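Novice: Show me how the following folds:
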Amino acid sequence: MERIYFDNAATTALDSAVLEAMMPYLTQHFGNPSSIYSYGRESRMAIENARKSVAKILNAHPAEICFTSGGTESSNTAITAAVRDLGCKHIISSVIEHHATTHTVEHLYQNGEAALSYVKLLPNGHIDVDHLEQLLSESTEKCLVTLMHANNEIGNMIDLQVVGNLCKKYHAIFHSDTVQTVGHFPFDLRNTPVHFITGAGHKFHGPKGVGMLYINEHIKIKPFLNGGSQERNMRAGTENLYGIVGFAKALELATAHYEKDSTYIKQLKVYMMERLKQNIAGVTYNGDALGASLYAVLSASFPKTEKSEMILFNLDINNICASGGSACTSGADQGSHVIRAINNNPNQVTVRFSFSHHNTKEEIDYVVEKLKELI
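Specialist: Numbering: from 1, shown residues only. Take a look at the predicted model:
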């Protein structure tokens, strides 16, 4: 059996059309985008065209799009700037954010730069919006609200309009980690009350090591990296030229195929839920799996047995790639901070399956059969 890849929330395969768009910039168009001769101007043009393309797809202004090395840098930049440049002295976040957010807000808090509050979670893993409003209304300091659009482990989604309007009401800055949703859902940033959103090319069949930060035109922040005047003075350093070209191409393709792909992938998720229920006693799903949830992510918990404790290892031996929680905490399995927060059941083993348009029902059937043997 070929390798079965069910870890698309960790990273995705590079689309061949994206590689093709990148190739000229890896070979003949290698000029430095900051050079004034034509060779450099070609590279500069490629970056600016990519910026226009990304802005158009997200319905933002090109000046609001800053290319970065990925979601982690984008979130670090936004959160740090909100505190240091925009006067936010109180951060409101949740305990189930990606570590790129969690570790940044904890650092600022421990450094004495901002107070830190965590919004309560409902039993289904969703944010308690009433508690968020309470925190905002009681705060004496200007707030930064940083809440992810879709959770990378359980798939739960917030409503950007609802949270954004609350932030507006209390004059708070709103940053949303949208790494799991840019390239997977349509965005209309002109009509969304948000100050910062993030993206990472490798989550939607683009290259790794390239991302974006949307910075709403009504706010002014200082660069996180200092040096040259690249990225309209927002990010110093020679640009990741071919990465940026690949990011834009991948986003164009994801947008063009959104209807077809999202429908197909959602069917795979529902199919796997049904097949697991039929075949494995005691399987449960984390979060709001069929509600406000990412169509590509399924977090399943299985009864803990001597056999199932080694489940990821055994799946790997059988050529099946899945993750135990977030792939971003690799190495020794420390368990997942997200699963602990919403389902702290020591008698269960959690596996995250995440799909792309490359996956098939046949693969799901094979994985369910293997899981039956392993549990």
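Novice: got the contact list for Gly287?
Specialist: Neighbour list for Gly287: Asn124, Gly125, Asn151, Ile154, Gly155, Asn156, Ser293, Ser299, Ile342 [criterion: CB atoms under 8 Å, 6 or more residues apart in numbering]. Quick note: C-beta positions are derived from backbone N, CA and C, even for glycine.
Novice: By neighbour count, which of these wins?
Specialist: Asn151 (31 neighbours; other CB atoms under 10 Å).
Novice: how close does the closest residue to that one other than its chain neighbours sit to Leu290?
Specialist: Distances taken as CB to CB, 6 or more residues apart in numbering put Ile96 closest to Asn151, at 5.9 Å, once the chain neighbours are dropped. For Ile96, the distance to Leu290 (CB to CB, to the nearest Å) stands at 19 Å.
Novice: of these two, who's got more company?
Specialist: Between Ile96 and Leu290, Ile96 has the larger neighbour count (other CB under 10 Å), namely 26 against 11.
Novice: residues in contact with the more buried one?
Specialist: Leu121, Gly125, Met148, Asn151, Glu153, Ile154, His337, Val338, Ala341, Ile342.
Novice: Which strand or helix spans the second one?
Specialist: Yep, that's Gly125 we're talking about. Under the criterion DSSP states H and E, no helix or strand holds Gly125.
Novice: just to revisit the earlier point, which member of the contacts of Gly287 is positioned nearest Thr101?
Specialist: Closest to Thr101 out of the contacts of Gly287 is Asn151 (11.3 Å), distances taken as CB to CB.
Novice: if I look at that closest one, how far off is Ile92?
Specialist: 17 Å.
Novice: for Leu86, same thing?
Specialist: 14 Å.
Novice: With neighbour numbers in mind, choose between the two.
Specialist: Ile92 (25 against 15).
Novice: Name whatever forms a beta bridge with that one.
Specialist: Ser117, Val145 (DSSP bridges).
Novice: That one contacts Thr146, correct?
Specialist: Yes: assessed by CB atoms under 8 Å, Ile92 is found in contact with Thr146 at 7.4 Å.
Novice: which one is the residue nearest in space to the middle of the chain nearest to, not counting chain neighbours?
Specialist: Ranked by distance to the mean C-alpha position of the chain (CA atoms, centre = their mean), the top residue is Val179 at 2.2 Å. With CB to CB, 6+ apart as the criterion, Val179 has its nearest non-adjacent residue at 3.8 Å, and that residue is Gly71.
Novice: the helices in the chain, which residues?
Specialist: Under the criterion DSSP state H, the chain contains helices at 16-26, 38-58, 71-84, 99-110, 129-138, 160-169, 230-233, 241-256, 258-279, 311-317, 337-342, 361-374.
Novice: what does the third one rub up against?
Specialist: When you say that, I think you mean helix 71-84. Contacts of helix 71-84 (CB under 8 Å, 6+ apart): 66, 68, 88-89, 91, 98, 100-101, 104-105, 108, 113-114, 144, 146, 173, 175, 177, 179, 195-196, 198-200, 203, 211-213, 215, 221-222, 224, 235.
Novice: If we go by neighbour counts, what in it is buried?
Specialist: Applying a neighbour-count criterion of 16 or more other CB atoms under 10 Å, the buried positions in helix 71-84 are 71-83.
Novice: cool, and the last one?
Specialist: Neighbour-count burial for helix 361-374, with 16+ other CB under 10 Å as criterion, is recorded at Glu363, Ile364, Tyr366, Val367, Val368, Lys370, Leu371, Leu374.
Novice: could you check the distance from the second one over to Glu153?
Specialist: Using CB to CB, one gets 20 Å for the distance from Ile364 to Glu153.
Novice: before we move on, what about the fourth one?
Specialist: With the distance defined as CB to CB, Val367 ends up 19 Å from Glu153.
Novice: now do the fifth one
Specialist: For Val368, the distance to Glu153 (CB to CB) stands at 21 Å.
Novice: Repeat that for the first one.
Specialist: If you measure Glu363 against Glu153 using CB to CB, the figure is 21 Å.
Novice: Please apply the same query to Glu259.
Specialist: Distance from Glu259 to Glu153, by CB to CB: 26 Å.
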